[in-house]
Every structure is written in structure tokens, then in C-alpha cells.
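Chemist: Sequence and predicted structure, then a few things I'm wondering about:
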Amino acid sequence: MSDLLILRIVAKLLIPYILLFGLYVQTHGDFGPGGGFQAGVIFASGFILYALVFGVANARRVVPPRLMATLIALGVLLFAGVGLAALLMGGNYLEYAVFADQPARGNHIGIWLVELGVGITVSAVMLTIFLTIAGRGR
Amino acid sequence: MISLHLPALQVVVPLISAPLCVLLRRGFGAWLLATVIAWTAFAISLALLAQVLSDGALSYKMGGWAAPWGIEYRIDRLNAFMLVIVAGIGALVMPCAYHSVAREIAPERQHLFYAAFMLALTGLLGIVITGDVFNLYVFLEITSLASYTLVALGADRRALRASFQYLVLGTIGATFILIGIGLLYMVTGTLNMADLAARIPALQELRPVRAAFAFIVVGAGLKLALFPLHLWLPNAYTYAPSVVSAFLAATATKVGVYVLMRFIFTVFGARFAFEMMPLGEILMVLGLLAVMVGSLVAVFQTNVKRMLAYSSIAQIGYMALGISFASVNGLVAGIVHLFNHAAMKGALFLALACVFYRLGSVELDAMRGLGRRMPLTMATFVAAGMSLVGVPLTVGFISKWYLVVAAIESGLWPVAVIVLVASLLALVYIWRVVEVAYFREPDGDAPEVTEAPAAMLVPTMALAAACIYFGIDTELTVGVATEAALSLLEGGP
């Protein structure tokens, strides 16, 4: 843990907003700039800041590696599963238009879910890579 | 309904199994799932081949978006045949994997091994099936990243260095392909292969198109380990886990050759590649060098896996040579050799996996007298090895026959002679193993070994049997290859 009081307090103040901004980019990706990848990176960066200031050991307690491995897999499954759902509902693979009575609404739902899958996997991968490298030699 | 979606399922089924393997957390469960999925993928590929052979090329619109804007999966005879090769090898390697992986990889990593394996399979199938060049690049990266991981999982510490070397060179190759695709997109505004093929003839005088061609050929050359861009291959194949060597040697480089063929003949067109650009001469010289150098270096190896790796470089040279003639027989030789080499290298590397499983080594010295202690494994090795040499009634003979015919057709007698000389070199290096295994007495302190478990032996023998069966009954392989070669030379996909 860092001894620098200012650093700790600023980090404590910033982290909730970083996470919130990550969620904002995630949920508004289908209207404005953003999307799952960017959101995942921003969301993970909040945890990475925490690990830098409060130490990797503390961060590991928040994000256990087993949970991360599960999240990585679940994100991919969500993406691929949305595609399969479209296929089962009579469309082609990843044809979101079948999810609702209007194609635009269906596309909205499909893209939202797929981007959620991307966000989950990307943030979990980012954290896994950071914590794996940061944990070496300990 | 399901038959309409087979092109998507071919890629999606293995893709979904990868995260499921991660979630299962158990080596055995992941292996069981991966094996079932690999066989499912094989069944799908056979169904697709049957559909293509009866109804002609298939097209599938990903996400319902029509080509050229959306991603199109397009399956003609060539890639239907490739799908069967890749999925078939995957299906045959998986049963062997259980014992081999249990011995070579730590238990807490086994489920991750199967996840990476399924991702590699997904990527290879995706490269082959797609009709969109950017989608091809994405799948190329999926399969490459998964392969680097698989190689790095080798028990020997040198596997890490081999994997890093593979990563650096593989990334350069993929980047070159991406630069080429970017240049093509810049001048044509499209990424769909059929659309590119329609637009390029009007633009072929433009320098970006020529640069794109050069970048893509060099990038694909790195991926398929064309001499002298093969430097990553010997270490990667030598130090990777045994089943990974078998899978990658039988599929990854073949898919690289497929990518090269697809770009040359479908996207750029044979006339551009061979008349406006000197590709024929380049591929012929490099192919001949690969054949000679690869075979010569293989003769002097003491590690049998490394020997087979150099032999792979030589075999890739044969395929490049087949393409370089730009004639029907040359292409048939190239395409048929994709199948034939996959069968024989798969069998040889799986036989080595059996040897490693029992002996813990694939050094030539350690294999003394193995012919009596592991008779079935070594018999399989010899059968597949004879095929590598090109003995009549084996698949190797078929490939070389078409290659020599193509060379003579083009009036290139010296090329035919070099092919035959290189075959004799193959006999030399295979004979070294035969001599050690059958005519030397084992050391007094050699460990007592018995035959490999049936789960490993049966798929190995099945591949070796395929080497002989398809050497006698060539109707399927040569038939499909001839039709694929004709349609490639006509230009259209």
C-alpha cells in the first residue's frame, strides 16, 4: 500500500467515477462513441488503479483469478449464445432483427447483449493480464 | 432447417466449446467435451462437402447482411475439402490427446489446453470457410494466438522460446497480410473476396494493388513456413506438446497454403499473379530450395520430431511447386498434397506422441529396438513414412505423380528430377528411424516399455490406413482436387 495520503484519497475518490464512466460507455455504445471493448478497458482500469495504489494483494482479494477465468468464459458465451439464439428464432447467425417485432428494436437488443459480452470478457482479460504480470516474482 | 445453418455452426460449435472447457475446470470433462465437439465439427464438414458436391457452392450471410457489405461464408469445392481435412485431423487427434496431455501438461492447466485447442480449431475452420478477407485475418489471429499458447504449453522450457519465436514471426506474417488487405480496401472499397475479384482486373496496373499482392504473398509465406520464411517452424514443432505438433503440422501450414491459393487464384486471379507478377518463378525457386534444403537438413537430425519438422518444410515446398506451375495438374498435385500430407504427417507425429508417451523421449538413440517393443506404433510409423517417401500404393505417390506430370508438361525435366532426388532423401531419413528401431538392440538399461494405449494407437493407425487407402482409391481426393483446380483456374470462386 502506498504511503502517499493524497494519492490514496484521490484514488478513492476517482475509482467509483471511473467504474461509473465504464458502465456509461458500455450502455451508450449503441448510440454514441463507445462499446464493449472501450468500456471493458475503462472498467478494468479502475481496478488497476486500485491495485497500483493499495497493492496487488488487496486487489487479488477483490478479483480472485477463478472469478476472472469464469467471467472471461461467460462473456464469450454470451456473445456466441446471442448468435445462436438468433439462429433458433429463425434468423441467420447473429441476425439480431429477429429479437423483436421491429428490426431496429431487435438490432438494439442484440447489439446491447453482444457488447455486454465483449465488455465482460475484455475487462476480465485486462485484469487477468495485469494481475498475472504484477504478481510475478512474489 | 439445421442444414441451412451448417456453415455458421461449423465455426460456432467449436467456438462455444472453448469457454465451456474453461468453465468445466476439469481436464477429463474438458477433454470429453472437446472430443465430442471435434467429431461434431467433422460431421458438419462432411455434410457440407456432400452438399457442395451435389449442389455447387454455398453462401451464408452472417447476421443476415447481404454480401458485399456483410460477412459472407462461401463454400466451394476447395474449401469444403479443406474443412474436411482440418476437422478430420482435429477429430482424430482428440482421442489421442487424453493420455498424451495427461502425461505432458500439469493437471491445473489441462482444461485451458483444451480451450486453446478448440480456439485453434475454430480459427482454422473460420479461415477456410469465410469469403471475406478481413474476417479471414481475424480468424488467422484467433488461430495464431491459440497456437502460440499451445506451443508454449510444451513440457520442455525451450517451448517458451520456441513459442516466442513463433509469435514474433507469426505476428509479422499476419501484419503483412493485414497491410495487404488494407491496401486492397483502399483501392477497391470492398473486403468480400468475390467482389474484390470482380474489381481488381480494372485496377491491376495500380501500384497499391501490386504492393498488396507482395505483402499478402510474403505474409502467407511466413504463415505456411515457405523456405526461407520457415525459421519458426522447427523449434515450434519440436518443443510443442506431442498432440499439438501432430495437429499443427497436419493443419496449420495447410491452411496457410490454402490462404495463399485463395488469394492468388480467387482474389487476384491467375493471370495477374503469373503473367503480370513473377509469382510462378518465385514459388518454383523457393519450392525447389525448400524441397532440397528441408530434406537435406532432416537427414542430419537426431531428434525425430525435429526431423519431421524439417521434412514438413520440404513437403510445403512440394505444394508451392504445385502452385507455381499454374496448370491443372500442378494445382491438383498441390491440393491433393494438402490432404495427403495432412494424413501422413498426422500419422507420423501421432506415432511419435505414442513413443513419447511410453519412452519420454523422441531422440533417435532412445528409440533403439523399439520395433520389437512397440510393434504397432512403429509399423504405423513405417507405413506413413513410406507414404512420405512416395512409394506406390500410398498417398505420397499420388501427389508426386501429379507433380512430376505437371513438371514434364511444362517441359521442366530438371524439376521432375529434383522431386525424385528429394524423395530419395526422404527415404534416407525415414530409413534412419527404421534402422534404429528394427535393427539395433536396445541398451541394457533401457526402460521396459509396452505398446501405447489403444485410445492413442487407434487414431494413429486410422490415419496411416488413410495414407494407404487414399493411395489406392483416389476417386474422392483427386476427383475433388481436380474440380477445385479447374474452378480456381477459371477464376471465379
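Modeler: Looks like it came in fine.
Chemist: Going by C-alpha atoms from here, please, whenever you check contacts or count neighbours.
Modeler: Fine.
Chemist: residues from chain A in reach of chain B?
Modeler: Selection of chain A residues close to chain B by CA under 8 Å from any CA of the partner chain yields A:69-70, A:72-74, A:76-77, A:80-81, A:87, A:91-96.
Chemist: One more pass at 7 Å, please.
Modeler: Residues of chain A lying near chain B by CA under 7 Å from any CA of the partner chain: A:70, A:73, A:76, A:77, A:80, A:92, A:93, A:94, A:95, A:96.
Chemist: now the fourth one, what's its secondary structure?
Modeler: Under the three-state scheme (DSSP: H, G, I helix; E, B strand; the rest coil), the conformation of residue A:77 reads as helix.
Chemist: OK, contacts around it?
Modeler: B:16, B:19 (CA atoms under 7 Å, 6 or more residues apart in numbering or on different chains).
Chemist: do you know how far it is from residue A:84?
Modeler: 10 Å (CA to CA, to the nearest Å).
Chemist: Could you do the first one as well?
Modeler: Using CA to CA, one gets 20 Å for the distance from residue A:70 to residue A:84.
Chemist: The two: who's more crowded?
Modeler: With neighbours defined as other CA atoms under 10 Å in any protein chain shown, residue A:70 and residue A:84 compare such that residue A:84 has more, 21 against 18.
Chemist: show me what contacts the more buried one?
Modeler: Residues in contact with residue A:84 (CA under 7 Å, 6+ apart) are residue A:93.
Chemist: Please enumerate the strands of the chain.
Modeler: Using chain A here. Assigned by DSSP state E, the strands in chain A number zero.
Chemist: nope, chain B please
Modeler: For chain B, the strands defined by DSSP E occupy B:58-61, B:72-75.
Chemist: contact partners of the last one?
Modeler: Applying CA under 7 Å, 6+ apart, the set of residues contacting strand B:72-75 from outside is B:7, B:57, B:58, B:59, B:60, B:61, B:62, B:129, B:130, B:131, B:132.
Chemist: try 10 Å
Modeler: Residues from elsewhere that reach strand B:72-75 (CA atoms under 10 Å, 6 or more residues apart in numbering or on different chains): B:7-8, B:48-49, B:51-52, B:56-67, B:80-81, B:83, B:126, B:128-133, B:135, B:192-194, B:493.
Chemist: For chain A, give the residue positioned nearest to chain B.
Modeler: Per CA to the nearest CA, residue A:95 is where chain A lies closest to chain B, at 3.7 Å.
Chemist: How about the helix or strand of chain A with the lowest mean pLDDT, which residues are buried there?
Modeler: Lowest mean confidence among the helices and strands of chain A (mean pLDDT, DSSP states H and E): helix A:56-62, at a mean of 87. Residues A:56, A:59, A:60 are the ones in helix A:56-62 that count as buried (16 or more other CA atoms under 10 Å in any protein chain shown).
Chemist: thought residue B:226 was touching residue B:283?
Modeler: Yes. Counting by CA atoms under 10 Å, residue B:283 is a contact partner of residue B:226 at 9.0 Å.
Chemist: Comparing these two, which residue is more hemmed in?
Modeler: Shown here are residue B:226 and residue B:283; by other CA under 10 Å, residue B:226 has more neighbours (28 against 23).
Chemist: who touches the more buried one in this structure?
Modeler: Residues in contact with residue B:226, defined by CA under 10 Å, 6+ apart, are B:218, B:220, B:233, B:253, B:256-257, B:283, B:286-287, B:289-290, B:313-317, B:319-320.
Chemist: Kindly report the same for residue B:154.
Modeler: Contact analysis of residue B:154 by CA under 10 Å, 6+ apart lists B:101, B:104-105, B:160, B:162-163, B:236-242, B:244-245.
Chemist: now residue A:103: how far from residue B:362?
Modeler: 59 Å.
Chemist: pLDDT on the lengthiest helix in chain A, on average?
Modeler: Longest helix in chain A, counting residues (DSSP state H): helix A:103-134. Taken as a whole, helix A:103-134 carries a mean pLDDT of 90.
Chemist: quick revisit: can you name the two of the contacts of residue B:154 that sit furthest apart?
Modeler: Greatest spatial distance in the contacts of residue B:154: B:101 and B:162, 19.0 Å, computed using CA to CA.
Chemist: I'd like the distance from stretch B:450-457 to the chain centre, please.
Modeler: Relative to its chain's centre, stretch B:450-457 lies at 25 Å (CA atoms, centre = their mean, to the nearest Å).
Chemist: ok, now which ones touch residue B:296?
Modeler: B:290, B:307, B:310, B:311, B:314, B:422, B:425, B:426, B:428, B:429.
Chemist: One more pass at 7 Å, please.
Modeler: Residue B:296 neighbours (CA under 7 Å, 6+ apart): residue B:425.
Chemist: Equivalent analysis for residue B:64, please.
Modeler: Residues in contact with residue B:64, defined by CA under 7 Å, 6+ apart, are A:92, A:95.
Chemist: Look up how far residue B:134 lies from it.
Modeler: 18 Å.
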